Structures are given as structure tokens and as C-alpha cells.
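Novice: please find the sequence and the predicted model below.
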Amino acid sequence: MIRVGILGLGYWGPNLVRCFSELENCKVTAVCDRDCDQLLRIKDRFPSVIPLESYDEMLERDLVDAIVIATPTDTHFDLSMKALERDLHVFVEKPLAKTSAQCRTLVETAGERNRTLFVGHVFLHSSPVKKLRELIETDELGSINYISSRRLNLGPVRTDVSALYDLAPHDISMMLYLLGQKPISVTCTGFDRLHPGIHDVCSLSMLFEGNRMGMVHVSWLDPRKERVLTVVGDKRMAVYDDLEQEKIKVFDKGVDKPANATGDFADFQLSYRYGGSYSPFIKENEPLKAECAEFIRCIVEGDVPLTDGVNGLEVVEVLEAAEQSLNRGGDRVELASLSRDDRSEQTVPEFVR
């Protein structure tokens with residue numbers, strides 16, 4: 001039985017307490033937060049947990065085997081290092097840390113101590129995103145031209161991180177997962193209307209190998225909530241709308257060039273396909289609960305998670321490059337390569353190579 005401690009009981013933490021409490025092979029033994037009222041509310045719902053105001057006390061009392069961190073981004077590195085140095089397994093909500101240098105240190109430390117380092121890229125554990133990956137791998141969509149996403153809402157506005165760091169990790173992690181690679185370069189533009197230096201609207205463009213594009217638009221200032229990701233292939237296109245009952249629709253639409261076309265555009269006639277659409281069967285799951293279960297499974301079985309420290313590092317590298325581009329007025333920023341051999345010595349599943 002894996003003993004789990006959860007640090008941070010703000011917006012997301014109580015959901016993590018619930019999901020871990022519902023799993024059979026682990027037990028939430030302690031929770032920690034500075035808000036005494038919130039601790040009491042959690043204690044009322046989950047009487048067996050030990051409520052603590054001090055993280056150090058949680059560590060010193062030997063109450064847990066694994067720590068789940070759901071605190072502000074700036075605290076992720078220090079809190080994770082404290083846990084890893086005590087040989088605890090660590091689950092960190094996205095993003096893994098504020099900088100790629102911090103992420104590398106966490107990855108190295110987890111590898112040296114043979115601990116599971118898990119990042120909360122929750123959509124990679126959702127059935128619709130796994131279905132999108134299946135559609136790509138089975139060539140249902142053909143060669144992928146680009147992926148675009150919109151993650152918009154009116155707030156909640158944060159002052160600790162920008163909309164880029166708050167919202168874009170979801171879409172970046174999905175695009176890296178769907179395409180199976182990191183981007184070559186990044187450009188990003190945006191503005192900071194509410195708090196100087198904290199961008200509330202950002203548009204990010206990523207260039208991948210094979211001249212494929214990934215485009216992400218995030219905003220705290222939009223009148224409507226949108227959670228839409230579109231994958232455009234040369235055979236078909238798929239739209240994932242997380243707010244719809246039918247999460248994915250596949251469209252038999254596109255623009256075709258004659259097979260024997262050569263020369264200039266004027267030398268051939270394009271044809272437009274306006275076929276039908278369908279919604280593939282998707283077995284519903286609760287992504288957060290699936291994510292929590294996967295963390296525990298990887299601890300027990302010694303497997304490397306899909307959303308491990310290297311995956312978290314890759315996402316933060318893109319965020320860093322985007323922030324550099326943002327601060328340079330949208331200049332293109334190249335990404336340094338990172339070998340997946342930099343993972344720990346545990347066996348890496350084939351699907352993440």
C-alpha cells in the first residue's frame with residue numbers, strides 16, 4: 001500500500017485528494033496547506049487523513065512514500081527536491097518547474113535515487129487524446145500538416161505566472177505526444193493588459209520536423225470558454241472539443257492536388273473534398289483519476305511514466321523558448337536537442353521512444 005501525501009489544497013488539490021482516495025492500492029495519509037480552514041474541510045470529507053500546516057513536518061514524521069505537489073509553479077522545484085532527497089516518489093502538477101535547468105536537476109536527482117518523477121500533464125491520460133494518437137498512428141488522417149488549439153476563457157487571472165505558463169502546457173504536451181517529437185523552433189507573441197510583465201493573451205507557433213506546424217492560442221480575456229484542438233491531415237481532419245458530449249469528430253474534408261501535377265500553381269486544378277463526418281467510439285474515463293492510478297502503478301511496477309520528468313522538461317523547454325520569443329517581440333527561437341537517453345536507467349516503454 002503506497003502512502004500518499006498531498007501538498008497544496010487550493011483549486012486543484014482537493015480533486016487530487018479525492019482521486020487518490022478512491023484508488024485501491026494507495027492511501028492518502030496526510031495533506032498539507034497553510035489554510036487551516038481548508039485543512040478542516042478536507043478532514044471533514046476524508047476523516048482518516050492527517051492535516052498538517054508544515055511540509056517539513058510531513059516529511060520528518062515518515063507519513064508518506066510519495067508526495068503530490070499542487071502548489072504555485074515557483075515552488076515546484078524546491079518542494080520536489082526536498083521530497084526526492086528523502087527518497088520519496090514525486091507527482092508534480094504542470095509545469096514541472098519554472099526553468100529547464102531546474103527540470104534537469106529534478107530529472108537527474110530522480111534517476112540517481114531511482115524514484116518515480118511524474119508530471120501532471122493530465123490530457124495525455126484522457127481517452128480522446130489517446131484516440132487522436134491512434135488516428136494518427138493508423139494513418140486515418142494521413143500525413144499531418146498542422147495541429148492548432150484554442151484554450152480561452154474569461155479568467156481566472158493569475159499573478160504568479162502568465163497565461164502561457166498557466167494554460168499552454170496542456171496543449172504543448174498534447175502536441176508533443178501526438179507528433180512524437182519536440183519542435184525545432186518556436187515563435188510567440190502576446191500582450192499584458194492587466195498586470196505589467198504577466199502576459200494574459202499569447203499566440204505560440206511551433207515548427208516540427210517535416211515542416212509540420214503546431215499553433216496554440218491561450219487567453220484569460222476571452223468572452224467564451226473554448227477547449228478545442230484540431231489535427232489537419234492530408235486525408236482527413238479531426239477536431240477534439242473537450243466541452244462537447246462527443247469529444248472527437250473526424251471530417252472527410254481536404255484540398256487535393258492531382259497526382260501528376262507539376263510546375264506552377266496555374267498548371268493544375270485543385271479539388272476540394274466535402275465529405276461527411278463521424279464521431280469515433282471513445283471509452284469514457286476520468287483523466288485525473290487515470291493519471292493518479294498511473295502514478296501509483298509506475299511506483300509499484302518500476303515503469304517509466306509517459307509523463308515523466310523528461311516529458312515535463314520537454315514542455316518547459318518549449319515554454320522557455322516561447323517566453324524568450326515573447327520578450328524579443330516574436331523572434332524565432334531554436335530549441336536545443338535533448339536525447340531521451342537522458343532518462344533514468346529504467347526501461348523506457350517503446351511508445352515513448
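Specialist: Received it, and whenever you're ready, just let me know what you need.
Novice: how about the closest residue to residue 113 other than its chain neighbours, phi and psi?
Specialist: Excluding its sequence neighbours, the residue lying closest to residue 113 (Cβ to Cβ, 6 or more residues apart in numbering) is residue 87, at 5.6 Å. Every residue, glycine included, has its C-beta placed from N, CA and C. Here is the backbone geometry of residue 87 (degrees, to the nearest 10): phi 60, psi 40.
Novice: would you agree residue 87 is in contact with residue 110?
Specialist: No - contact criterion Cβ atoms under 8 Å: residue 87 and residue 110 do not qualify, at 10.3 Å.
Novice: neighbour count winner among the two?
Specialist: residue 110 (24 against 10; other Cβ atoms under 10 Å).
Novice: which strands or helices does whichever strand or helix holds that one pack on?
Specialist: Here residue 110 sits within helix 100-112, counting by DSSP states H and E. Contact here means 3 or more Cβ pairs under 8 Å, 6 or more residues apart in numbering; DSSP states H and E; on that basis helix 100-112 packs against helix 76-85, strand 117-120, helix 309-327.
Novice: which helices and strands does the last one pack with?
Specialist: Counting by 3+ Cβ pairs under 8 Å, 6+ apart, the packing neighbours recorded for helix 309-327 are helix 100-112, strand 117-120, helix 163-179, strand 185-191, strand 201-208, strand 333-334.
Novice: any chance of those in JSON lines with distance to residue 8 and mean pLDDT as columns?
Specialist: Converted to JSON lines, these look like this (distance: least, Cβ to Cβ, whole Å; pLDDT from 0 to 100):
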{"stretch": "helix 100-112", "distance to residue 8": "17", "mean pLDDT": "98"}
{"stretch": "strand 117-120", "distance to residue 8": "12", "mean pLDDT": "99"}
{"stretch": "helix 163-179", "distance to residue 8": "15", "mean pLDDT": "97"}
{"stretch": "strand 185-191", "distance to residue 8": "27", "mean pLDDT": "97"}
{"stretch": "strand 201-208", "distance to residue 8": "25", "mean pLDDT": "98"}
{"stretch": "strand 333-334", "distance to residue 8": "31", "mean pLDDT": "96"}
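Novice: could the ones you listed go into CSV alongside distance to residue 29?
Specialist: Below are those laid out as CSV (distance: least, Cβ to Cβ, whole Å):
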stretch, distance to residue 29
helix 100-112, 22
strand 117-120, 18
helix 163-179, 29
strand 185-191, 41
strand 201-208, 39
strand 333-334, 44
